[in-house]
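Colleague: Output the structure for:
(one chain, ligands or ions: 1)
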Amino acid sequence: MEGYVDFLIEPRLPSFIGLPRDLRSAKAAIIGVPYDSSSTCRPGSRYAPRRVREVSQDMETYDPVLGADASEAPAADLGDLRETLSPSSVVSSVARVVQELSAAGKVVLLIGGDHLVTLGALSGLRGGLSLVVFDAHLDFRDEFPQGEKLSHATVLRRAREGLVEEAVVVGARALSKEEVDALRRDGRVRVVYPWSLGNLRDELSTLSERVYVSVDVDVLDPSVAPGVGCPEPGGLTFNQLSELLLEVFDRKPVGFDIVEVNPLVDVNDVTSRVAAKLLMKALLAVR
Ligand SMILES: [Mn+2]
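Modeller: Numbers count the residues shown, from 1 in each chain. Below you'll find the model as predicted:
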């Protein structure tokens, strides 16, 4: 691959579950985005791509639910995006590599970094998208902190300014009144709350063809995924999230990310291992 992918991505070893770096026969490409400058709770998710790769080395890659092995998925681990501190430059860098790879027919799977990396992926996929985001938060603020339009807490708001036609937020439970009012005015963002997860199937059936899936690990209960910047009680179990993801993966997503894993506040690497397992399921979904 030549162009932005070569210029902006640096190889990383060990690779995720030992995947090759060679893209030629791959359908999916993993890219780490070590960026957390827009974190307002606790920074540290820039270390997630490295830690998730490391913990994946001694994890089983066979998925008993799917009856398939993620290490045999046609996928490559390209490495990490070059580090940057500026929110607008991480968005544009991610957008460039995602656009280049999707033009070459590859599905990009990102490991964040904070949630802002999703905005880059959506920009790179260019229109006609619907978004399914698993998150404790709505990320629908106009500015956060005040005066900042590009941050982890404004991602969905920016995405609705022309990048996605509609969105479903699954597992949300930490909401501000400002966001709830803005969602009501918007009208194209629905929420599936943790206490009514059964509604997801109906919401999925109305979405357009090109579905992008974003998982903020804080959608899980903090007892399941303690290593996150802003832990929020009342979240999903791992098996609940896995089952819902399988339903979403039926829609053959055009892109996927897992964000907000923070190894600096993790406990015994539990959250990094959760992220690794979810990434394996995503790899099997694009087979
Ligand atoms: Mn969140």
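Colleague: Asp216 against Val133, yeah?
Modeller: Yes: using CB atoms under 8 Å, Asp216 is in contact with Val133, at 7.1 Å. C-beta coordinates here come from the backbone N, C-alpha and C atoms, glycine included.
Colleague: Now the common contact residues for the two.
Modeller: Asp139 (CB atoms under 8 Å, 6 or more residues apart in numbering).
Colleague: Point out where the protein drops to low pLDDT.
Modeller: Applying pLDDT under 70 to the chain flags residues 1-2, 287.
Colleague: Quick one: the helices in it, in order.
Modeller: Under the criterion DSSP state H, helices of the chain are mapped to 4-8, 48-56, 87-103, 116-125, 155-159, 177-186, 200-205, 238-249, 270-285.
Colleague: quick one, which of those is nearest to Ala75?
Modeller: helix 270-285 (5.2 Å; CB to CB).
Colleague: got the angle between the closest one and helix 238-249?
Modeller: Using axes from the mean of the first three to the mean of the last three CA atoms, to 10 degrees, the direction of helix 270-285 lies 30 degrees away from that of helix 238-249.
Colleague: can you count the residues close to whichever residue of the stretch 51-200 of the chain sits closest to the ion?
Modeller: Per CB to the ion, His137 is where the stretch 51-200 of the chain lies closest to the ion, at 3.8 Å. His137 has 26 neighbours, counted by other CB atoms under 10 Å.
Colleague: same deal with Asn262?
Modeller: Other residues close to Asn262 by other CB under 10 Å number 29.
Colleague: can you tell me which residues contact the residue nearest to it when sequence neighbours are not counted?
Modeller: Nearest non-adjacent residue to Asn262, counting by CB to CB, 6 or more residues apart in numbering: Gly44, 4.1 Å away. Taking CB under 8 Å, 6+ apart, we find Gly44 in contact with Asp36, Gly229, Asn262, Pro263, Leu264, Val265.
Colleague: From the residues you listed, list just the buried residues.
Modeller: Neighbour counting with 16 or more other CB atoms under 10 Å marks Asp36, Gly229, Asn262, Pro263, Val265 as buried within the contacts of Gly44.
Colleague: List just the nearest of the residues you listed to the ion.
Modeller: Using CB to the ion, the shortest approach to the ion within the buried ones among the contacts of Gly44 belongs to Gly229, at 8.0 Å.
Colleague: what's near enough to touch the closest one?
Modeller: Applying CB under 8 Å, 6+ apart, one finds that Gly229 lies in contact with Ser39, Thr40, Cys41, Arg42, Pro43, Gly44, Ser45, Asp114, Asp218, Glu260, Asn262, Val265.
Colleague: Once you drop chain neighbours, what's closest to it?
Modeller: Nearest non-adjacent residue to Gly229, counting by CB to CB, 6+ apart: Cys41, 3.9 Å away.
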